[in-house]
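K.L.:
Model the following, please.
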Amino acid sequence: MRLTRVYHPAALEPGSLVELPRPIAEHLVRVLRARPGDEFVLFSGDGRECSATLVEVRGLRVTATIGAARIVDRESPLAITLYQCVARGDRMDFIVQKATELGVARIVPVLSQRSVVRLDAAQARSKAEHWQAVAVSACEQCGRNRVPSVEAPRALLPVLGELAAGGVRLLLDAEGSESSAPTRPADGAVAVAIGPEGGFTADEREAFAVCRFLPVRLGPRILRTETAALAALTWLQTLFGDL
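P.N.:
Predicted structure coming up:
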């Protein structure tokens, strides 16, 4: 039987007794109906996962013992950064969830000139926290023991100005060349940029060109922004990763 996996952002020491944070306790007790003696798996994002046993439940005060730890590597050989224009509604949640399942290492939400979504600083921080929680939940489900980082949304052009050197850079572009397949990245670093519903503007595409992004398209059809992200990640993982 597959054990429930729970993310606990703290050092996990085998043999120790821990009190679980309220959100985790509430999920175990109220949602999963866990009881003392039930076993589950804890991971903290350091690449290990630990067996755990529920010891005591007093309302939402829940304690568990930490058992044996083991290193379980389910990470992709690619270090993919997804530069994703923020999509409307729950589409962005979907993108973050599925990108995590497909092994992305970092998600950088960006706001372009044609982005429908507009956020102030407080809203951007709130969105980042929410999307980070979505990534954590996806890791619990898919078995990853390292959680991808999800940054606060920022304007596209300043983000491009901060890019570090190296790696393969791809721009999903309906006007790109289907034959422009990238070469295998020597260091595994790949950056993928996905535009908004209306696509990138001409000056934004020029900025991508200056930053040496290779424009590619995946087939003859125009893909929605959420479809483009998943198609690109699947394509890359099939070419060079672990699919």
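K.L.:
Can you pull the poorly scored residue ranges out of this structure?
P.N.:
Scanning the chain with the threshold set as pLDDT under 70 gives 1, 176-181.
K.L.:
mind giving me the domain split of it?
P.N.:
Partitioning the chain according to automatic domain parsing yields domains covering residues 5-71, 79-240.
K.L.:
export these to CSV and tack on mean neighbour count?
P.N.:
All C-beta atoms are positioned from the backbone trio N, CA, C, and that covers glycine. Converted to CSV, these look like this (neighbours: other Cβ atoms under 10 Å):
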stretch, mean neighbour count
domain 5-71, 15
domain 79-240, 18
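K.L.:
Centre of the chain to the helix ranked longest in the chain, how far?
P.N.:
Taking DSSP state H as the criterion, the chain has its longest helix at helix 121-142. Mean-position distance between helix 121-142 and its chain equals 9 Å (Cα atoms, centre = their mean, to the nearest Å).
K.L.:
Now do it: everything it contacts.
P.N.:
Residues lying outside helix 121-142 but in contact with it, judged by Cβ atoms under 8 Å, 6 or more residues apart in numbering, are 5-7, 43, 74, 86, 92-93, 96-98, 100-101, 107, 109, 119, 144-154.
K.L.:
Am I right that E197 is in contact with L223?
P.N.:
No. No contact is recorded between E197 and L223 when judged using Cβ atoms under 8 Å, the distance being 10.8 Å.
K.L.:
From the contacts of helix 121-142, which land in strands?
P.N.:
Here DSSP state E is the test, and the contacts of helix 121-142 give R5, V6, Y7, F43, I107, P109, S149, V150, R154 as lying in strands.
K.L.:
where's the first one relative to D90, distance?
P.N.:
I take that to be R5. Per Cβ to Cβ, to the nearest Å, R5 is found 23 Å from D90.
K.L.:
how far away is the spatially most central residue of the chain from A124?
P.N.:
By Cα atoms, centre = their mean, the mean C-alpha position of the chain lies nearest to T100, the distance being 3.8 Å. Shown here: T100 relative to A124, a distance of 20 Å by Cβ to Cβ.
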